[in-house]
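Asks: Test case, fold it:
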Amino acid sequence: MKIKIFADGPDLNQIKKLKGINGYTFNPSLFRKLKVKNYLNFTKKITNLVNKKSVSIEVIGDDNQTCLEQAKKISMISKNIFIKIPIMFTNGVSSKKVIKKLHEQRIKLNITAIFTFKQCKEIYSLINNKTPIILSIFAGRLYDIGIDPTNEIKKIKMLYRNKKNVKLLWASCRMPYDIKKAEKIGCDIITMPVDMILKLKKFNSSPLKYSKETVKQFYLDAKKSNFKI
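Replies: Okay, the predicted model is just below:
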């Protein structure tokens, strides 16, 4: 596949073991899940392991000035870091002002939590044709609310077709097959949790063989549990 795979929230041991990964993405919720105690120190540990591959690290502020200061501090850790900036603050106000300032300062950005074409259109004029930028469209969460994300992604891709420095990322996977949908629609990147990345090895397996393995799993679990009917 041409689409690049970013591992979403792996721990340090998984980073060491994963093969064929093009980059890594993290957010405060994933750091909490990993029981991170020091945000910046853990970020340094990640960048020391990834061999210059792309790493997206999110700010934790909720206003322009705080996000601006945090972004600069995080970006100084390593040249391969993309700063994740949510498309809006918790009050619903657009973060376009901080996006504009950071982009003008040539800081690589990953604009995250994007759900609509309208959000991408609002920041289009702020983005130049040079500094790398990732637009993370939360396809999985759109599915969660009963919306097919492909229509929004198609419109976003068309809007940014002339900005070669802008890459579209299919975020919040719900199943391994999302990688095929993401590539078909023209996304440049997909971010997947480790368990889904490992399941990609099953692609092109025989359906009948997998059916047999599934039946066997249920049978052995019943035996191990000493179930009686």
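Asks: Look up how far Lys223 lies from the residue of the chain most remote from its centre.
Replies: The outermost residue of the chain relative to its centre, with distances by C-alpha atoms, centre = their mean, is Ile229 at 45.8 Å. Using C-beta to C-beta, to the nearest Å, one obtains 13 Å as the distance from Ile229 to Lys223. All C-beta spots, glycine's among them, are computed from the backbone N, C-alpha and C.
Asks: and after the helix or strand hosting Ala182, which helix or strand comes next?
Replies: Taking DSSP states H and E as the criterion, Ala182 maps to helix 178-185. Moving toward the C-terminus from helix 178-185, the first helix or strand encountered (DSSP H and E) is strand 189-192.
Asks: Show me what that following strand packs onto, helices and strands only.
Replies: strand 4-8, strand 166-170, helix 178-185 (3 or more C-beta pairs under 8 Å, 6 or more residues apart in numbering; DSSP states H and E).
Asks: Just name the most buried of the ones you listed.
Replies: strand 166-170 (a mean of 23; mean count of other C-beta atoms under 10 Å).
Asks: average model confidence for that strand?
Replies: Over the span of strand 166-170, the pLDDT mean works out to 98.
Asks: excluding its backbone neighbours, what's nearest Asp148?
Replies: Leu142 (7.4 Å; C-beta to C-beta, 6 or more residues apart in numbering).
Asks: In a helix, the one you found, correct?
Replies: Yes - Leu142 forms part of a helix when assessed by DSSP: H, G, I helix; E, B strand; the rest coil.
Asks: show me what contacts Ser56?
Replies: Ser56 makes contact with 6, 23-26, 81-84, 110, 112, 134, according to C-beta atoms under 8 Å, 6 or more residues apart in numbering.
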